[in-house]
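*Asks:* Have a look at this fold, sequence not included:
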């Protein structure tokens, strides 16, 4: 197995190290003397749909707006400008103290910086009637790209609006006890663990999908005792079982007053932070991102180096160890760290579990002080493995994960985070070009707008990007049927993988891992 991993690792590293050896990747590879000297004894810790999206054209006519470097192409004449409104958003209330079993309370606040995108009325009218907007019938090009994906996100927005008022009346709630492995104490004995019982509230929805909203973890539930005009208790959805059983975590205030015979009125709401960030990422796509990452090879004699694809199994197996793909990525990161202290590496993945496994495996190779695990602010503390906690700054009072100072962030050799949480790095002040190498791991598992969050915020013309994925894997997190049927479930990895540049058997921009492909989480 190690010999196979070494073979693929060597090929990937030759691509990543092309600038180190001073040769142009579009011409000859380095000679044997120049070739990367990999250590062969290096050890490594160990449902398909018919969704479609227009393939990348083999040649494209870039508009005039794309001719000036570092400019952002405007939308087509027929497009709708992004209307924004300042809707209420949720902010943690630091004054509210909770036990480790309870969720923080949130304040509803008005923030102009948290503007949400408003669906144009004509687009909303079409989506409401299940009519596919014209832009989704056109080929995907740099000229249609922003309108295309913005419209797909509008379909998601409309789904949110459609179900926002969903309510259940006179419901009896059952408590569901889940075992959670967490820290023994927040302030002491950080390395000790215990098994805790977490009391979750079980809400059963209609089994027919057309009669209930499609909910995900981190969405919200509000419950109020039936017949009483009191403020509702807010809970956060912890897990969804078989699509219609929702487990919700409430604070101690709810449990203190609850009785099994009580009946409640329930309202469900969506967490729209991720949707907002993808809207922002699409609006921020620049000419460089278009030419280097989104439509590589479509402009003759283009000097931009495209992303490198690694086709293989998802990077983490069900038993939470690295698959063949994961070991190749881990090996490449280690080689880059050893080659130069100037290399700064970002690893993005769709799942916290994947990020945690990479953090655990890399700390053994590059040292604890060189790696940072960036979490979403409100990630469950209990969900973070104990051995990963030292790499995750946590504010006890606010009960949120934080980021180090910008100067500290800039010093880390490796930062590991999810695609969406990579926005926090940009928000803290890290600019495009800081990272020399970005690994978009398991990119087949998320929609293309999610990939744009790190691509638009953290890359520059000199950034080397590696994208891994398993062809045929689709995103599970698209709610709108119109969006599902018109390409939002088709990943960035899949779209590139189907294009001429990567389909060519002699392409130097793709590695196909063959052999024992291990199923992932």
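*Replies:* Cool, got the structure. Every value quoted in this text rests on a predicted model; they were computed, and no experiment measured them.
*Asks:* CA only for contacts and neighbour counts going forward, please
*Replies:* OK.
*Asks:* Now do the contacts for residue 492.
*Replies:* Applying CA atoms under 8 Å, 6 or more residues apart in numbering, one finds that residue 492 lies in contact with 443, 444, 447, 448, 451.
*Asks:* Counting neighbours, what do you get for residue 336?
*Replies:* Residue 336: 20 surrounding residues under other CA atoms under 10 Å.
*Asks:* before we move on, what about residue 177?
*Replies:* There are 14 residues near residue 177, going by other CA under 10 Å.
*Asks:* Numbering from 2 from now on, please.
*Replies:* I'll keep to 2 as the first residue from here, and by that count the last item is residue 178.
*Asks:* How many residues are close by the nearest residue to it once chain neighbours are set aside?
*Replies:* Counting by CA to CA, 6 or more residues apart in numbering, the nearest residue to residue 178 once its immediate chain neighbours are dropped is residue 200, at 4.8 Å. One way to gauge burial is a neighbour count; for residue 200, by other CA under 10 Å, it gives 20.
*Asks:* Hmm, residue 200 is touching residue 248, no?
*Replies:* No: the pair residue 200 / residue 248 is not scored as a contact, 9.5 Å apart, by CA atoms under 8 Å.
*Asks:* what is in contact with these two at once?
*Replies:* Here residue 200 and residue 248 share the contacting residues residue 177, scored by CA under 8 Å, 6+ apart.
*Asks:* circling back to that earlier point, does the residue nearest to residue 178 count as helix, strand or coil?
*Replies:* On the three-state scheme (DSSP: H, G, I helix; E, B strand; the rest coil), residue 200 is labelled strand.
*Asks:* and what of residue 362?
*Replies:* Put simply, residue 362 is helix when judged by three-state DSSP.
*Asks:* That one and residue 388, how far apart?
*Replies:* Between residue 362 and residue 388 the distance, using CA to CA, to the nearest Å, works out to 11 Å.
*Asks:* Look at the two and report which has more neighbours.
*Replies:* Remark: of residue 362 and residue 388, residue 362 carries more neighbours, 18 against 13, as counted by other CA under 10 Å.
*Asks:* For that one, give me the pLDDT.
*Replies:* For residue 362, the pLDDT comes out at 95.
*Asks:* go on, residue 212?
*Replies:* At residue 212, the predicted lDDT confidence score is 87.
*Asks:* coming back round to it: residues touching the residue nearest to residue 178, list them.
*Replies:* If a contact means CA under 8 Å, 6+ apart, then residue 200 has 176, 177, 178, 179, 250 as its contacts.
*Asks:* any idea where the strands of the stretch 352-501 of the chain begin and end?
*Replies:* Per DSSP state E, counting those that start in this stretch, the stretch 352-501 of the chain carries strands over the ranges 372-374, 395-396, 401-402, 415-419, 438-441, 465-470.
*Asks:* before we move on, what about the stretch 102-251 of the chain?
*Replies:* Per DSSP E, counting those that start in this stretch, the stretch 102-251 of the chain carries strands over the ranges 107-110, 117-119, 168-173, 175-184, 194-205, 221-226, 234-242, 246-250.
*Asks:* avg pLDDT for the longest one?
*Replies:* In other words, strand 194-205. Per-residue pLDDT values across strand 194-205 average out to 74.
*Asks:* again, but for the shortest one
*Replies:* Strand 117-119 comes out with an average pLDDT of 77.
*Asks:* before we move on, what about stretch 122-134?
*Replies:* Per-region confidence: stretch 122-134 scores 96 on mean pLDDT.
*Asks:* So which residue is dead centre in the chain?
*Replies:* For the chain, the residue sitting closest to the mean C-alpha position, by CA atoms, centre = their mean, is residue 420 at 3.0 Å.
*Asks:* Quick check: closest non-adjacent residue to that one.
*Replies:* Ranked by CA to CA, 6+ apart and with sequence neighbours excluded, the top spatial neighbour of residue 420 is residue 349, at 5.3 Å.
*Asks:* For the one you found, list each beta-bridge partner.
*Replies:* The residues listed as beta-bridge partners of residue 349 by DSSP bridges are residue 418, residue 441.
*Asks:* the domain parsing of the protein - what is it?
*Replies:* Listed domain ranges for the chain are 3-20+303-513, 78-163, 168-270 (source: automatic domain parsing).
*Asks:* Of those domains, which is nearest residue 287?
*Replies:* Residue 287 sits nearest to domain 3-20+303-513 of all the domains of the chain, at 7.4 Å, using CA to CA.
*Asks:* hang on, the earlier thing: would you reformat the strands of the stretch 352-501 of the chain as JSON lines and include distance to residue 281, mean neighbour count and mean pLDDT?
*Replies:* What follows is these, written out as JSON lines (distance: least, CA to CA, whole Å; neighbours: other CA atoms under 10 Å; pLDDT from 0 to 100):
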{"stretch": "strand 372-374", "distance to residue 281": "24", "mean neighbour count": "24", "mean pLDDT": "96"}
{"stretch": "strand 395-396", "distance to residue 281": "27", "mean neighbour count": "16", "mean pLDDT": "89"}
{"stretch": "strand 401-402", "distance to residue 281": "23", "mean neighbour count": "18", "mean pLDDT": "90"}
{"stretch": "strand 415-419", "distance to residue 281": "17", "mean neighbour count": "26", "mean pLDDT": "98"}
{"stretch": "strand 438-441", "distance to residue 281": "19", "mean neighbour count": "24", "mean pLDDT": "98"}
{"stretch": "strand 465-470", "distance to residue 281": "21", "mean neighbour count": "24", "mean pLDDT": "97"}
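*Asks:* So for residue 231, which of these sits nearest?
*Replies:* When those are ranked by distance to residue 231, counting by CA to CA, first place goes to strand 401-402 at 27.9 Å.
*Asks:* What lies in contact with the closest one?
*Replies:* 376, 377, 378, 379, 380, 393, 394, 395, 396.
*Asks:* Kindly report the same for stretch 121-138.
*Replies:* Contacts with stretch 121-138, where a contact means CA under 8 Å, 6+ apart, come from 81, 84, 145, 148, 149, 152, 155, 156, 159, 483, 487.
*Asks:* now with 7 Å?
*Replies:* By CA atoms under 7 Å, 6 or more residues apart in numbering, the residues outside stretch 121-138 that reach it are 81, 148, 149, 156, 487.
*Asks:* Stretch 344-360 now?
*Replies:* Surrounding stretch 344-360, the residues in contact under the criterion CA under 7 Å, 6+ apart are 317, 321-322, 337-338, 374, 389, 414-420, 435-443, 446-447.
*Asks:* now do the same end-to-end measure for it.
*Replies:* The first-to-last residue distance of stretch 344-360 comes to 17 Å (CA to CA).
*Asks:* Okay, residue 206 and residue 264: tell me how far apart.
*Replies:* According to CA to CA, residue 206 stands 15 Å off from residue 264.
*Asks:* swap in residue 170?
*Replies:* For residue 170, the distance to residue 264 under the criterion CA to CA works out to 8 Å.
*Asks:* How about residue 432?
*Replies:* Counting by CA to CA, the gap from residue 432 to residue 264 is 51 Å.
*Asks:* who's more crowded, those two?
*Replies:* More crowded of residue 432 and residue 264, by other CA under 10 Å: residue 264, with 18 against 15.
*Asks:* Now residue 464: closest residue in space that isn't a chain neighbour?
*Replies:* Leaving out its chain neighbours, residue 464 is closest to residue 437 (CA to CA, 6+ apart), at 5.0 Å.
*Asks:* With residue 232 instead?
*Replies:* Beyond its immediate neighbours in the sequence, the residue positioned closest to residue 232 (CA to CA, 6+ apart) is residue 225, lying 6.9 Å away.
*Asks:* contacting residues for that neighbour?
*Replies:* When contacts are counted by CA under 7 Å, 6+ apart, residue 225 touches 231, 232, 233, 234, 265, 266, 267.
*Asks:* Now render the residues you listed as TSV, adding distance to residue 408, pLDDT and neighbour count.
*Replies:* Compiled in TSV, these are given as follows (distance: CA to CA, whole Å; pLDDT from 0 to 100; neighbours: other CA atoms under 10 Å):
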residue	distance to residue 408	pLDDT	neighbour count
231	47	91	9
232	43	94	10
233	42	94	17
234	40	96	17
265	49	96	20
266	49	96	18
267	45	95	20
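*Asks:* from those residues, which is closest to residue 459?
*Replies:* Of all the contacts of residue 225, residue 234 has the smallest distance to residue 459: 38.5 Å, by CA to CA.
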